[in-house]
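Undergrad: Need a 3D model of the following:
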Amino acid sequence: MKPHYRVRKVKTSSGSTAIQVGFYKGKRFILEKHIGSSKDIHKIDELIGITNEYVNSNSAQLRFDFNPQSKEILFKRGIKVEKSILETASEYLENIYQQLGFNCLKNDVLKHFAIIRVLEPASKTKSIMLLNKYFNIEYKRTTVFRKLAKLPSLKEKVEHLATKYAKNNLGFNFSLVFYDVTTLYFETHNEDDFRLNGFSKDNKINQPQILIGLVVNEIGFPICYDIFKGNTFEGKTILPVILGLKRKYHMDQITVIADAAMLSVENLTQLENHKIDYVVGARMGGLNLEEVRNIASMLGRTDKNIFKQESVIYEYSTKRARKDKIENNKQVNNPRLTSGVVH
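TA: All right, here's what the predicted structure looks like:
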């Protein structure tokens, strides 16, 4: 699976601002591409625009940008959008909402706020203003907060409708699902029983958050989800979600694909005990040298060559080998290490 790319701005020793693309692995930022650097604010804005285009074109997640104000290509051509009309986009999304069967929920607040969330993500208070601004849909703030508080009661119905659509239109049969976890943080520093500080995927370590465990099919269509306290370790979320899905739909066979960080030895054992198959990316860093040499010999340094050993599949990648060689040579030639002194 592709990583979730992020844009990073870094001050250099020369006083310039460097624009980079990368992703977080744990708390460490992994640099994917250096876009450029400049001291000029307009040039920096242009670099950020180029970076956003790179992220959008290389991200695993599809992005629908209905707001032309943010289009980088318009910015580059010096075009300023004075007004945008979103009625057609709203009609398009409302049609999708209806096709999914959500109209039978008879909840306009859910429909309107789901649509505006796609068109222009914002806070609940600002969303009220945007609905009025774009579509002349008026809501009182107190009414919205009261009705939004009742939406969790619709969770089971929404998941049932989504699953029904996937089975009838997308050929979904529960045989293969993908599971992942993300975090949602809150613009506050006050915690409660559920919104708690924890490991943040958004690097917001001082703000409370919640965890969301999401199950999707092979094309990314959501099947079900669950939420957890913000300080929950993500490895403890997969079993209740997947086992709950299996019980709910009385499935005899299911294969789940997830990140290696969530599938500990204990979790894998539990999945096997419940007759749930799994696919997980294995790390070779823990293997001894003799095992690594044996695997390398079987792969024969042939790109895309695959070697299967019991339940583990190894694949050789020329691109990855080239990258690893460069990184290893950097370490070997590091003067701080070759001199015997580590600073």
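
Undergrad: Just the pLDDT for Ile96.
TA: Per-residue pLDDT puts Ile96 at 95.

Undergrad: ok, so what distance separates it from Asn169?
TA: In this structure, Ile96 lies at 12 Å from Asn169, with CB to CB, to the nearest Å as the measure. Backbone N, C-alpha and C define where each C-beta goes, glycine included.

Undergrad: ok, now Ser317?
TA: Distance, Ser317 to Asn169, by CB to CB: 35 Å.

Undergrad: same deal with Lys133?
TA: The value you get for Lys133 to Asn169, if CB to CB is used, is 34 Å.

Undergrad: ranges for the strands of the stretch 101-250 of the chain?
TA: Chain-ordered strands for the stretch 101-250 of the chain, with DSSP state E, counting those that start in this stretch as the definition, fall at 176-185, 209-216, 222-229.

Undergrad: Listing partners with orientation, what would you give for the longest one?
TA: Strand 176-185 pairs in its sheet with strand 209-216 (antiparallel), strand 255-258 (parallel), by DSSP bridges.

Undergrad: of all these, which lies closest to Ile35?
TA: Taking CB to CB as the criterion, strand 209-216 is the member of the strands paired with strand 176-185 that comes nearest to Ile35, at 28.8 Å.

Undergrad: and the closest one with strand 222-229, angle?
TA: 160 degrees (axes from the mean of the first three to the mean of the last three CA atoms, to 10 degrees).

Undergrad: list the buried ones in strand 209-216?
TA: Residues of strand 209-216 classed as buried under the neighbour-count rule (16 or more other CB atoms under 10 Å) are 209-211, 213-216.

Undergrad: Return the member of those residues nearest to Leu263.
TA: Distance to Leu263 across the buried residues of strand 209-216 (CB to CB) is lowest for Gly213, with 13.3 Å.

Undergrad: ok, the closest one touching Phe228?
TA: Yes - with contacts defined as CB atoms under 8 Å, Gly213 counts as touching Phe228 at a distance of 6.7 Å.

Undergrad: List the contacts of the spatially closest residue to Phe113 that is not a sequence neighbour.
TA: Leaving aside its chain neighbours, Phe113 sits nearest to Ser127 (5.9 Å; criterion: CB to CB, 6 or more residues apart in numbering). Contact analysis of Ser127 by CB atoms under 8 Å, 6 or more residues apart in numbering lists 113, 116-117.

Undergrad: same question, Pro240
TA: Applying CB under 8 Å, 6+ apart, the residues contacting Pro240 are Asp226.

Undergrad: Same question for the one 5 residues further on.
TA: Shown in contact with Leu245 (CB under 8 Å, 6+ apart): 174, 177, 215, 223-224, 251, 254.

Undergrad: Of those residues, which count as buried by neighbour count?
TA: Neighbour counting over the contacts of Leu245 (16+ other CB under 10 Å) leaves 174, 177, 215, 223-224, 254 as the buried ones.

Undergrad: Mind picking the two most distant members of these?
TA: Longest distance between any two of the buried ones among the contacts of Leu245 is 12.4 Å, between Cys224 and Ile254; criterion CB to CB.

Undergrad: in stretch 153-160, what's buried?
TA: Residues of stretch 153-160 classed as buried under the neighbour-count rule (16+ other CB under 10 Å) are 158-159.

Undergrad: Next: stretch 125-140.
TA: Residues of stretch 125-140 classed as buried: 127-128, 130-131, 134, 139 (neighbour count, 16+ other CB under 10 Å).

Undergrad: on that earlier part again, can you redo the buried residues of strand 209-216 as TSV, where the extra columns are distance to Asp45 and pLDDT?
TA: Supplementary listing: these in TSV, determined by distance: CB to CB, whole Å; pLDDT from 0 to 100:
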residue	distance to Asp45	pLDDT
Gln209	30	89
Ile210	33	90
Leu211	34	91
Gly213	37	93
Leu214	33	94
Val215	39	94
Val216	35	94
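
Undergrad: which of those residues lies closest to Ile48?
TA: Taking CB to CB as the measure, Gln209 is the one of the buried residues of strand 209-216 closest to Ile48, at 25.7 Å.

Undergrad: picking up where we left off before, can you tell me which of the strands paired with strand 176-185 comes nearest to Leu243?
TA: Comparing those by their distance to Leu243 (CB to CB), the top pick is strand 255-258, with 10.3 Å.

Undergrad: Is Ser14 part of a helix or strand, or is it coil?
TA: Following DSSP: H, G, I helix; E, B strand; the rest coil, the label given to Ser14 is coil.

Undergrad: Equivalent analysis for the one 4 residues further on, please.
TA: Each residue gets one of three states, and Ala18 gets strand by three-state DSSP.

Undergrad: Tally up the residues packed near it, please.
TA: Around Ala18 sit 17 other residues, with neighbours defined as other CB atoms under 10 Å.

Undergrad: Was I right to think it contacts Leu31?
TA: No - proximity of Ala18 to Leu31 does not meet the contact threshold set by CB under 8 Å, at 10.2 Å.

Undergrad: could you measure Tyr225 against Asn190, distance?
TA: Here the distance between Tyr225 and Asn190 works out to 25 Å (CB to CB).
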